[in-house]
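Peer 1: Provide a 3D model corresponding to the input given below.
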Amino acid sequence: MSIRTVDAVVIGAGPNGLVAANALVDAGWDVLVLEAQNAPGGAVRTAEVTAPGFRTDLFSAFYPLAAASPVIRGLHLEEHGLSWVHAPQVLAHVLDDGRAAVMHREVERTAASLDEFARGDGEAWVQLAAAWQKIRDPLLDALFTPFPPVVSAARLLRRVGVAGGLDLARLAVLPVRRLSDEHFAGDGGGLLLTGNAMHADVPPDAAGSGVFGWLLAMLGQDVGFPVPQGGAGVLADALVARLEAGGGRVETGERVHGIHVVHGRAVGVRTAGGQHVRARHAVLADVTAPVLYRDLVAPDQLPPRLLRDLDRFQWDHPTFKVNWALDRPVPWSAAGARGAGTVHLGVDRAGFVDMAADLSVGRVPERPFLLFGQMTTADHTRSPAGTESAWAYTHVPHGMRWSAQEVADEVDRVERAITRVAPDFGSAVLARHVQSPADLQHANSSLRDGAVNGGTSAVHQQLFFRPTPGLGRPETPIDHLFLASASAHPGGGVHGACGWNAARAALGAASGTGALKRLLSRTVWDRVLRDP
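Peer 2: So this is what the prediction gives:
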């Protein structure tokens, strides 16, 4: 039996785990990252799975949150091989009748596209973008810092005033359909807002969907939907290179089997291969909350109420993804889609509601909403000249078995939706690679049943309700154990904030005032989790 000692062990080499490890290394800690898969990156990985020379992002692909995140920007990953590139247009939503709402990098051009749906909608978009610029920095700080974000929230209120603060509070719970109706007379603006809202799993008529659509749309207008040149995996490679340059280590193929807890304190981990690693200061877990609390920590080490709360933990909708190697660019009917890195398609505004209703009752949507990525359009290195590396994903219900026939039926629905807006698509396909929810989970155990956001984004599991009712912070009921995954606040997306917040909490707990901080945290946890 081998035993090693380090300052901190990070479980999982996804982007949050790698960000946390980098933050700790910057503080001078000896850090070891243990990753179960044979490659680092978690859901940020690239491989040739369709045809030789065609590079496919296996999970996430476009990164507005990473480009805007003060956490990612502060790591200066361009010094370690990361280079962001952009498609000519940010995003297009194409309709079956040939029209398209197009988001350009320039707000005036986006406005012109929306004016084609209804005169005056362009000016409404310009006003939304101007309001975003006014609050951008303090709002992002507030979103990405541990709850409650006292300092950044105060800065935000100073900038917008009391009335503006109330408007933002209303936006936080507004359904995206209502937000669209309040700003736009035509469908174009609503398509952009609602399509972006559907990147999460909150229905368009549900509270909170508006803020997701608005945030992602404004980020797209602000920083675009950039991609790492060479593939999503380059982002993970840069995080690993930076970590190793600082003395940290990543070991792949090392699945953590359990966390050692002694007298209420996490003191290390053991791996499936029999390795034991002691942690002087902290264990940080870039795994989902159910995995951390159900699989890695013995139940007798946790408050009974936390375990009961986990029974109510809700996963986000599963994802079904299809990847293609195309012998030419996608033959879109709508000219506006041809230069867009991301294309939304398959439904009109009413269709968003129909799809959400299907998912809510466990029915596979016959007309799915698709997010379509044109990766070579965004990055010429992804496939041979004149070709396209493309993918599409959609959300599907929980509880499917995903037999060969069910997979084939869903691929048919996806490709029929594309053919309605790109009639010759089928003739361009050289090869296809399918990732069902079961395939996604097999490739990355954190993607439970194909859920990619570490738990639902609905309001009942956000802020201090994430992952269960509590503090909304990375601290756990066990001293020196920190939740660093998307199951923690602020949730899904490649922004690094979950890992950064966990690293900051670990450093604070190990500081000169750490004993007091741990005592206060333990007292609050005891009050929150105490049985009535």
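Peer 1: Would you report the backbone torsion angles of residue 180?
Peer 2: Phi and psi for residue 180, reported as degrees, to the nearest 10, are phi -60, psi -40.
Peer 1: mind checking how far it is from residue 346?
Peer 2: The gap separating residue 180 from residue 346 is 18 Å, by CB to CB, to the nearest Å. For the C-beta atoms, the positions are set from N, CA and C on the backbone; glycine is no exception.
Peer 1: quick one: which of those two has more around it?
Peer 2: Shown here are residue 180 and residue 346; by other CB atoms under 10 Å, residue 346 has more neighbours (28 against 25).
Peer 1: Which residues are in contact with the more buried one?
Peer 2: 367-370, 394, 417, 420 (CB atoms under 8 Å, 6 or more residues apart in numbering).
Peer 1: Tell me how far the residue nearest to it when sequence neighbours are not counted lies from residue 341.
Peer 2: In this structure, residue 346 finds its nearest non-sequential neighbour in residue 417, 4.0 Å apart by CB to CB, 6 or more residues apart in numbering. Computed as CB to CB, the residue 417 to residue 341 distance reads 19 Å.
Peer 1: who's more crowded, these two?
Peer 2: Remark: of residue 417 and residue 341, residue 341 carries more neighbours, 27 against 24, as counted by other CB under 10 Å.
Peer 1: measure residue 192 to residue 242 for me?
Peer 2: Taking CB to CB, one finds residue 192 at 35 Å from residue 242.
Peer 1: between these two, who's got more neighbours?
Peer 2: More crowded of residue 192 and residue 242, by other CB under 10 Å: residue 192, with 29 against 23.
Peer 1: got a list of what the nearest residue to residue 208 once chain neighbours are set aside touches?
Peer 2: Counting by CB to CB, 6+ apart, residue 208 lies nearest to residue 459, which is 4.3 Å off, once chain neighbours are set aside. Residues near residue 459 by CB under 8 Å, 6+ apart: 173, 202, 207-208, 465.
Peer 1: just the CA coordinates of the one helix or strand residue 305 maps to, formatted as CSV?
Peer 2: In the assignment (DSSP states H and E), residue 305 maps to helix 304-310. What follows is helix 304-310, C-alpha atoms only, in CSV (Å, rounded to 0.1, in the frame of the first residue of the first chain):
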residue,chain,number,x,y,z
PRO,A,304,-29.0,12.8,8.3
ARG,A,305,-30.9,15.8,7.0
LEU,A,306,-28.3,16.4,4.3
LEU,A,307,-28.7,12.9,3.1
ARG,A,308,-32.5,13.3,3.1
ASP,A,309,-32.2,16.5,1.2
LEU,A,310,-30.1,14.7,-1.4
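Peer 1: can you list contacts of stretch 247-256?
Peer 2: Stretch 247-256 is contacted by residues 11, 13, 18, 21-22, 24-25, 30-40, 240, 243-244, 269-273, 275, 296 when judged by CB under 8 Å, 6+ apart.
Peer 1: Can you flag which of the contacts of residue 346 belong to helices?
Peer 2: Here DSSP state H is the test, and the contacts of residue 346 give 417, 420 as lying in helices.
Peer 1: Quick check: the farthest pair among the contacts of residue 346?
Peer 2: Greatest spatial distance among those (CB to CB): 394 and 420, at 14.3 Å.
Peer 1: Tell me the secondary structure at residue 136.
Peer 2: Three-state call for residue 136 (DSSP: H, G, I helix; E, B strand; the rest coil): helix.
Peer 1: ok, it to residue 219 distance?
Peer 2: Distance, residue 136 to residue 219, using CB to CB: 9 Å.
Peer 1: Verify the stated contact: the residue nearest to residue 346 with residue 351.
Peer 2: No. Between residue 417 and residue 351 there is no contact under CB atoms under 8 Å: 10.2 Å.
Peer 1: overlap in contacts of those two?
Peer 2: Residues touching both residue 417 and residue 351 comprise residue 367, with contact defined as CB under 8 Å, 6+ apart.
Peer 1: Helices of the stretch 401-532 of the chain, start to end?
Peer 2: When assigned using DSSP state H, counting those that start in this stretch, the helices of the stretch 401-532 of the chain occupy the ranges 404-421, 425-428, 437-443, 497-509, 514-529.
Peer 1: Compare those helices and report which one is nearest to residue 71.
Peer 2: Nearest to residue 71 among the helices of the stretch 401-532 of the chain is helix 497-509 (4.5 Å), distances taken as CB to CB.
Peer 1: can you list contacts of that closest one?
Peer 2: The contact list for helix 497-509, computed with CB under 8 Å, 6+ apart, reads 8, 15-21, 23-24, 27, 69, 71, 143-146, 281-282, 284, 286, 473-475, 479-480, 482-491, 514, 517-518.
Peer 1: tell me the mean pLDDT over that helix?
Peer 2: Helix 497-509 carries an average pLDDT of 96.
Peer 1: Just the buried residues of that helix, please?
Peer 2: Applying a neighbour-count criterion of 16 or more other CB atoms under 10 Å, one finds 497-507, 509 buried in helix 497-509.
Peer 1: Could you do stretch 263-275 as well?
Peer 2: 266-271, 275.
Peer 1: Which ones among the residues you listed lie within strands?
Peer 2: With DSSP state E as the criterion, strands contain 266-271 from among these.
Peer 1: measure residue 335 to residue 225 for me?
Peer 2: According to CB to CB, residue 335 and residue 225 sit 19 Å apart.
Peer 1: out of these two, which sits in the busier spot?
Peer 2: residue 225 (25 against 12).
Peer 1: Where does the nearest residue to the more buried one once chain neighbours are set aside sit: helix, strand or coil?
Peer 2: Excluding the flanking residues, the one nearest residue 225 by CB to CB, 6+ apart is residue 62, at 4.1 Å. Under three-state DSSP, the three-state class of residue 62 is coil.
Peer 1: Got phi/psi on residue 62?
Peer 2: According to degrees, to the nearest 10, residue 62 has phi -110, psi 140.
Peer 1: cool, and residue 84?
Peer 2: Residue 84 adopts backbone torsions of phi -80, psi 140, taken as degrees, to the nearest 10.
Peer 1: Can you report how many residues lie near the nearest residue to it once chain neighbours are set aside?
Peer 2: Ranked by CB to CB, 6+ apart and with sequence neighbours excluded, the top spatial neighbour of residue 84 is residue 226, at 4.0 Å. Neighbourhood size, residue 226 [other CB under 10 Å]: 21.
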